[in-house]
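> fold the following and give me the result.
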Amino acid sequence: MNISIRQLTAFIQVADNGSFTRASDQMHLTQSAVSGLIKELESSLGIVLFDRTTRQLSLSAVGRHLLPQARRILNEMQLFENEASSLTSLAQGQVRLAVSQFAASSMPAVIAQFAKKHPEISVSLVDCSAENLLRHIQDIEVDLGVGTELDFVETEDDIRADLLYQLPFCVVMPDSHALAQKSEITWQDLLDIPLITLQGPFIEQVTAELDERITTHIQQARYKVNFMSTALEMTRQGFGITLCLPYMPEVIDWVSANGLQMRPLAQPVRMRQFFIYQRASRALSPATIAFKIFLQTYFSSHFNDLQRI
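Numbers count the residues shown, from 1 in each chain. Got it, this is the predicted structure:
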């Protein structure tokens, strides 16, 4: 059985108009074309839909029974088309996002900006460890993941990683600090100065490939805290200077508004890369594509001009 939408439309139009002539006008077809569609439908179903006489056309008993179902099918098809059109035009949709530690701090502001542009698209957020980021993607629990570079991505054939942005490791100090007067601040300049650092993986990320003396000094920092906000406030109160990544525009603005300076560290310049992760074999929805493009544009405009630090 091969029933077409055109056949069902012809059936409904002829039934509503009680005439092949008027139905053909509504469908912008010839009368013979509409008659042919009805004959094809009757042949496929093996039934008679209309009782025909030389003077009158009317629905058969079977036709009257099937007409509501034909209307329902066409309505469902219209809803299907409308739904597809809405998704394509971004009138609605859902994006599921997993974000690791540092990226998680900046993501609420990004989602808020995206919501202003696409209010009908819902974005859900899962904050997780870097180790769990890929698991959420592999298990299709999320559409996209955002986080730092992951060494084991190279062994995952079905994971695609697109560079989102990269940030230099920086030092934050009061405007009155001696280092603030230098045109360039190096890692060696940090020696013998009280440091405030974050606990956990951050220290490993900072010290990778640095000189042993500098690594030891950072690892033995006088103050180790859990949150960057704590480190920045302690710096403002004069406990020492802190290391950070300028991972949020709001952090950069807070630093400058509170009598502090944030400066990239040199010799060597150490960069931390952040990526968008997704399943390579899975097509993204229009809403997810729009969010991915928005992410790339947002961070490009905020972080590619870090010379202003």
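> contacts for stretch 37-53, please.
Residues outside stretch 37-53 that contact it (C-beta atoms under 8 Å, 6 or more residues apart in numbering) are 1-4, 6-8, 10-11, 14-15, 20, 57-60, 62-63, 66. C-beta here means a position set from N, CA and C on the backbone, and glycine is covered the same way.
> so what would you say the end-to-end distance of that stretch is?
Using C-alpha to C-alpha, to the nearest Å, one end of stretch 37-53 lies 19 Å from the other.
> ok so, going back, and the contacts of stretch 37-53, which of them are in strands?
Members of the contacts of stretch 37-53 lying in strands (criterion: DSSP state E): 57-59.
> can you tell me which of those are buried?
Those of those that meet the buried threshold are residue 59, by 16 or more other C-beta atoms under 10 Å.
> which among the ones in strands among the contacts of stretch 37-53 gets closest to residue 167?
Set against residue 167, the nearest of the ones in strands among the contacts of stretch 37-53 by C-beta to C-beta is residue 59 (71.3 Å).
> pretty sure that closest one is touching residue 68, no?
No - Residue 59 is beyond contact range of residue 68, at 11.4 Å (criterion: C-beta atoms under 8 Å).
> tell me how far the residue sitting furthest away from the middle of the chain lies from residue 289.
Distance to the chain centre peaks in the chain at residue 54, reaching 63.5 Å (criterion: C-alpha atoms, centre = their mean). Per C-beta to C-beta, to the nearest Å, residue 54 is found 59 Å from residue 289.
> where are the low-confidence patches of the stretch 51-200 of the chain?
The stretch 51-200 of the chain contains residues with pLDDT under 70 at 102, 151-156.
> can you list the residue ranges for helices in it?
Taking DSSP state H, counting those that start in this stretch as the test, the helices found in the stretch 51-200 of the chain are 61-88, 101-117, 130-138.
> between those helices, which one is nearest to residue 229?
The closest of those to residue 229 is helix 101-117. By C-beta to C-beta, the value is 9.4 Å.
> how about residues contacting the closest one?
Applying C-beta under 8 Å, 6+ apart, the external contacts of helix 101-117 come out as 97, 99, 121, 123, 125, 127, 129-130, 146-148, 201, 228, 245, 247-250, 272, 274, 291, 294-295, 298-299.
> thinking again about what came up before, and of the ones in strands among the contacts of stretch 37-53, the nearest to residue 196?
Distance to residue 196, by C-beta to C-beta, is smallest for residue 59 among those, at 83.5 Å.
> from residue 110, how far out is that closest one?
From residue 59 across to residue 110, the span is 58 Å (C-beta to C-beta).
> could you say which helix or strand holds residue 202?
Assigned by DSSP states H and E, residue 202 falls within helix 201-207.
> only the buried residues of that helix, if you could.
Neighbour-count burial for helix 201-207, with 16+ other C-beta under 10 Å as criterion, is recorded at 202-203, 205-207.
> ok so, going back, restricted to buried residues, select the contacts of helix 101-117 in ChimeraX.
What follows is the ChimeraX syntax for the buried subset of the contacts of helix 101-117, where burial is set by 16+ other C-beta under 10 Å:
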select :97,99,121,123,125,127,130,146,147,148,228,245,247,248,272,274,291,294,295,298,299
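> out of the contacts of helix 101-117, which sit inside strands?
Secondary structure from DSSP E places 97, 99, 121, 123, 125, 127, 146-148, 272, 274 of the contacts of helix 101-117 in strands.
> can you put those in a markdown table and add distance to residue 236?
Shown next, in a markdown table, are those (distance: C-beta to C-beta, whole Å):
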| residue | distance to residue 236 |
| --- | --- |
| 97 | 32 |
| 99 | 27 |
| 121 | 38 |
| 123 | 33 |
| 125 | 29 |
| 127 | 26 |
| 146 | 29 |
| 147 | 29 |
| 148 | 27 |
| 272 | 24 |
| 274 | 26 |
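> follow-up on the earlier one: please identify the most buried of the helices of the stretch 51-200 of the chain.
helix 130-138 (a mean of 18; mean count of other C-beta atoms under 10 Å).
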